[in-house]
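**Q** output the structure for:
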Amino acid sequence: MISDRILPAVRSRLEERKLRVPLAELEARGASRPPVGGSRASFAAALRGPHVALIAEVKRASPSAGLIRPHLQVEKVVCNYAGAGAKAISVLTEEDHFLGSLADLATATATTELPVLRKDFIIDEYQVYEAWAYGASAILLIAALLTDSQLRRLIQLAGSLGLDVLLEVHDRGELERALSFEGVVIGINNRDLRTFHVSLDTTLDLARLVPPELVLVAESGIRNRSDLECLARCGVDAVLVGEALLRGEDEAGKVRELVQPPLAVRPRNAERRRREAGGPAGENGD
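**A** Numbers count the residues shown, from 1 in each chain. Presented below is the predicted three-dimensional model:
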């Protein structure tokens, strides 16, 4: 799995940071943040609504795509995302394979009032405190990397610090585990961590299993307006997009291409319920 290549470096970097920055220092920095519920909306709240929301990602590289935009300026990119209609920002902070950093997170949170997600391979409480101290509104947790007890501990800590959790799953078994945790945003990653293969069918297959009261995010493989239209029809509340926004030089134009005009979110399971009741299928046959 891709994580087998990345986690040793993540653990090594984590131990270095623990030695360099004591937890008490992170706690003091986090305590100086504005109170939860201030000018910055919560991550989950920003994604709720009648239209598909865009989480626009800041990343320089990835193991699957290689270099994407290694010299990007975080402040400029975040401003362009926000001005073009993104509802939240995602920042990769993993250093060795994605070329990110906590400094990128700090820059993003200082640049925009949009909620900011720390996206990393979070396996330790210290990383949750880091996200809080550097201004994040939410953290990514990956179900495939963590046991239920680890997830519970990290989710509870995040909640105590006022952070939302985007809990990422890749298959039905992981989704069933994720649904046992209250208050999380569900993320369905369309990338197979073993093969790198990407298919939107993963979200299309699993979306109907996510209760309508939960916020649902589709991740990976979203490249154009047609992809968003497909995901909107299956009830996805938001999409997380990075590479497709950053491959060209006009990230603001790409954001507008994806989100304008706004796409209505079809209530999840509406089409299935119509079929079970003997009603006509939707006009697109989804």
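**Q** mind listing the helices for the stretch 51-200 of the chain?
**A** Per DSSP state H, counting those that start in this stretch, the stretch 51-200 of the chain carries helices over the ranges 74-84, 102-111, 125-133, 148-160, 172-178.
**Q** so which of these is nearest Thr93?
**A** Between Thr93 and those, the shortest gap by C-beta to C-beta is with helix 102-111, which sits at 5.4 Å. Placement of C-beta: from N, CA and C, glycine included.
**Q** hmm, back to that, reformat the helices of the stretch 51-200 of the chain as CSV; add mean pLDDT, distance to Gly235 and mean neighbour count.
**A** As requested, the helices of the stretch 51-200 of the chain are exported to CSV (pLDDT from 0 to 100; distance: least, C-beta to C-beta, whole Å; neighbours: other C-beta atoms under 10 Å):
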stretch, mean pLDDT, distance to Gly235, mean neighbour count
helix 74-84, 98, 24, 19
helix 102-111, 96, 29, 20
helix 125-133, 97, 28, 22
helix 148-160, 97, 23, 16
helix 172-178, 97, 14, 16
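**Q** dump these into JSON lines; add distance to Val259 as well.
**A** What follows is these, written out as JSON lines (distance: least, C-beta to C-beta, whole Å):
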{"stretch": "helix 74-84", "distance to Val259": "8"}
{"stretch": "helix 102-111", "distance to Val259": "19"}
{"stretch": "helix 125-133", "distance to Val259": "26"}
{"stretch": "helix 148-160", "distance to Val259": "28"}
{"stretch": "helix 172-178", "distance to Val259": "26"}
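**Q** got the contact list for the nearest residue to Val210 once chain neighbours are set aside?
**A** In space, Val210 comes closest to Leu216 once its chain neighbours are excluded; the distance is 4.9 Å by C-beta to C-beta, 6 or more residues apart in numbering. Under the criterion of C-beta atoms under 8 Å, 6 or more residues apart in numbering, the contact partners of Leu216 comprise Val185, Ile186, Gly187, Ile188, Ala207, Val210, Gly235, Val236, Asp237, Ala238, Arg268.
**Q** can you select the buried ones from these in ChimeraX?
**A** Typed into ChimeraX, the line below selects the buried ones among the contacts of Leu216, using 16 or more other C-beta atoms under 10 Å:
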select :185,186,187,188,207,210,235,236,237,238,268
